[in-house]
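Peer 1: Could you work out the structure for the sequence below:
(one chain, ligands or ions: 1)
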Amino acid sequence: MPEGDSIFRAARTLQRALAGRTVTRFESVFPRLTRVDDDAPIRGRTVERVEARGKHLLIWFSGDLVLRTHMRMHGSWHIYRPGERWMRPHSDMRIVVETGGMHAVAFNVPEAEFATAAALVRLQALRDLGPDLLGEQFAPADAVNRIAARAELDIADALLDQSALAGIGNVFKSEILFAGRINPFRKVRDIAGSDIERLVAIAVKFLRANVAPGAPGGIATYSARRTTGRNDPGARLWVYGRGGRPCRRCGTPVSRMKQGPHARPTYWCERCQPR
Ligand SMILES: [Zn+2]
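Peer 2: Numbering: from 1, shown residues only. Okay, the predicted model is just below:
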């Protein structure tokens with residue numbers, strides 16, 4: 001499942017592959033994209049840059065046009081050389097941006113639109129984003145204040161709230177709370193400011209470690225995410241996906257429960273993270 005780290009890596013890979021190149025072909029199954037392409041062709045434009053904002057991926061084309069995609073649960077961007085076999089079925093293809101040397105393909109991206117730079121600034125989904133954990137100007141104090149302001153939420157749901165801070169998804173949510181020894185069901189109002197600061201610091205550490213040069217996982221791979229610092233596939237995460245198995249710290253079986261408005265699974269250790 002894409003989280004801030006995987007979108008960041010995807011943007012970086014696309015940036016390296018596409019930036020400065022001229023588009024030779026554009027294709028999409030979305031009529032709202034092809035309509036724009038019909039009126040103001042993407043072909044012939046230059047890819048100026050590719051960037052991640054929270055879980056949005058933005059591809060900037062010359063001539064004031066930005067392609068915004070959001071991965072939601074199952075979307076991904078891949079890069080292929082011409083003639084290389086796709087790792088996903090053609091039926092999953094949603095968008096293709098082709099330059100002379102590279103094909104960028106979006107699979108199962110549910111949300112995609114073209115916008116001008118000005119329209120992008122007005123876009124509520126981007127305006128609402130909290131400080132981006134992977135942004136160069138990430139302000140921890142702002143993120144801490146925004147979380148603290150969500151006093152009535154469970155801390156796990158507050159961490160997922162992209163308007164509090166952008167980048168954490170369901171995997172990191174459980175991992176950060178385990179590392180911080182905070183029970184996921186505690187209300188934000190019951191958690192000390194210093195503990196929220198600590199959680200934000202852990203979030204920064206985990207996400208940055210997963211986008212560091214040489215970090216595990218390529219553009220197509222979300223499963224290699226790790227928080228334990230270990231490479232062994234069975235030992236990469238502390239609690240996520242480990243319901244019923246022994247806690248890596250204390251041996252207590254890891255708990256699992258659906259949580260929040262979207263009933264996303266949460267994993268935690270009752271002993272290491274008491275209520
Ligand atoms: Zn434990």
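
Peer 1: For the stretch 1-150 of the chain, give me the ranges with low pLDDT.
Peer 2: Within the stretch 1-150 of the chain, the set of residues satisfying pLDDT under 70 comprises 1.

Peer 1: ignore the last one, the stretch 151-275 of the chain
Peer 2: 213-224.

Peer 1: near the ion, which residues of it show up?
Peer 2: Cys247, Arg249, Cys250, Thr252, Cys269, Arg271, Cys272 (Cβ under 5 Å from the ion). (C-beta placed from N, C-alpha, C; glycine too.)

Peer 1: Highest neighbour count among those residues?
Peer 2: Cys269 (24 neighbours; other Cβ atoms under 10 Å).

Peer 1: Wait, that one touches Pro246, no?
Peer 2: No - taking contacts as Cβ atoms under 8 Å, Cys269 lies outside contact range of Pro246: 9.3 Å.

Peer 1: what touches both of those two?
Peer 2: Thr252, Val254 (Cβ atoms under 8 Å, 6 or more residues apart in numbering).

Peer 1: which residues of this protein fall in strands?
Peer 2: With DSSP state E as the criterion, the chain has strands at 23-28, 47-53, 56-61, 65-70, 76-80, 93-99, 103-107, 111-115, 255-259, 264-268.

Peer 1: Adjacent strands (with direction) for the second one?
Peer 2: Using DSSP bridges, strand 47-53 pairs in its sheet with strand 56-61 (antiparallel).

Peer 1: One more: the first one?
Peer 2: In the sheet containing strand 23-28, its partner strands are strand 93-99 (antiparallel), by DSSP bridges.

Peer 1: Alpha carbons only: can I get the strand it pairs with in CSV?
Peer 2: The C-alpha trace of strand 93-99 is given here as CSV (Å, rounded to 0.1, in the frame of the first residue of the first chain):
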residue,chain,number,x,y,z
MET,A,93,-2.9,0.6,-17.2
ARG,A,94,-4.4,4.1,-16.6
ILE,A,95,-1.9,6.5,-17.9
VAL,A,96,1.3,6.3,-20.1
VAL,A,97,3.7,9.1,-20.5
GLU,A,98,6.4,8.2,-23.1
THR,A,99,9.6,10.0,-23.9
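
Peer 1: what comes into contact with it?
Peer 2: 17-18, 21-30, 33, 42, 47, 59, 67, 69, 75, 86, 103-109, 112.

Peer 1: Now with 6 Å, please.
Peer 2: Leu18, Arg21, Thr24, Arg25, Phe26, Glu27, Ser28, Val29, Ala104, Val105, Ala106, Val109 (Cβ atoms under 6 Å, 6 or more residues apart in numbering).

Peer 1: and the angle for that strand with strand 103-107?
Peer 2: 170 degrees (axes from the mean of the first three to the mean of the last three Cα atoms, to 10 degrees).

Peer 1: Might you calculate how far strand 93-99 sits from the centre of the chain?
Peer 2: 20 Å (Cα atoms, centre = their mean, to the nearest Å).

Peer 1: do the same with stretch 200-212
Peer 2: Distance of stretch 200-212 from the chain centroid (Cα atoms, centre = their mean) equals 12 Å.

Peer 1: For it, buried residues please.
Peer 2: Judged by neighbour count (16 or more other Cβ atoms under 10 Å), stretch 200-212 contains these buried residues: Val200, Ile202, Ala203, Val204, Phe206, Leu207, Asn210, Val211.
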